[in-house]
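Peer 1: The following comprises the amino acid sequence and a computationally predicted model.
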Amino acid sequence: MALSNYNDKLKHIYMLVQLANIESVSSEIEWVFIQKVAQAIDVNIDDLNDFDPDKITQKIPKSEYEVIPLFHRLLLLMGIDQRVSDEERRFCFEMGIKMGLHPQAIDELIRMVRDSNSPIVLKPKVVMEIFNKYYN
């Protein structure tokens with residue numbers, strides 16, 4: 001896991017919450033996914049109540065192999081309800097750029113999520129293959 005401290009982990013969960021809140025109606029499956037991610041990275045979801053993301057600077061890992069799993073979670077969340085809005089696509093694209101990922105790879109992955117009937121199409125192996133295509 002690329003996130004080395006608790007505040008970085010909280011900021012990542014907060015980023016997922018921001019994405020889920022882009023649409024006026026968040027689905028239950030999005031919240032279940034966020035809770036499962038929080039559990040997997042040992043974050044108490046209740047800690048978000050007192051979390052001020054503006055007071056914490058998240059360190060983006062330097063290696064794309066550390067960042068890609070973080071971006072992958074954003075993509076999974078974006079597609080999990082099988083509704084992909086322009087705002088969600090824009091948010092994910094901007095986050096990918098901030099993470100230092102290749103713009104064409106980001107765009108291709110977002111299109112895959114948008115065009116798919118299931119976010120399961122984005123298995124980690126597929127995501128890595130797409131990034132490798134643009135980094136090699």
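Peer 2: Everything's here; your move. Numbers count the residues shown, from 1 in each chain.

Peer 1: From now on I want contacts and neighbour counts done on CA atoms only, so please keep to that.
Peer 2: Noted.

Peer 1: where along the protein do the helices fall?
Peer 2: Here the chain has its helices, by DSSP state H, at 6-22, 28-40, 64-80, 86-98, 103-115, 124-135.

Peer 1: So which residue is smack in the middle of this structure?
Peer 2: Closest to where the C-alpha atoms of the chain average out (CA atoms, centre = their mean) is residue 74, at 1.9 Å.

Peer 1: hang on, isn't that residue packed against residue 17?
Peer 2: No. Assessed by CA atoms under 8 Å, residue 74 is found out of contact with residue 17, at 9.9 Å.

Peer 1: low pLDDT regions in the chain?
Peer 2: For the chain, applying pLDDT under 70 flags the ranges 1-4, 25, 52-61, 119-120, 136.

Peer 1: do that again at 90, thanks
Peer 2: Residue ranges of the chain with pLDDT under 90: 1-15, 17-18, 21-28, 31, 45-69, 81-84, 115-123, 134-136.

Peer 1: how close does the residue nearest to residue 92 when sequence neighbours are not counted sit to residue 28?
Peer 2: Of all residues not flanking residue 92 in the chain, residue 74 sits nearest, at 6.6 Å (CA to CA, 6 or more residues apart in numbering). Per CA to CA, to the nearest Å, residue 74 is found 16 Å from residue 28.
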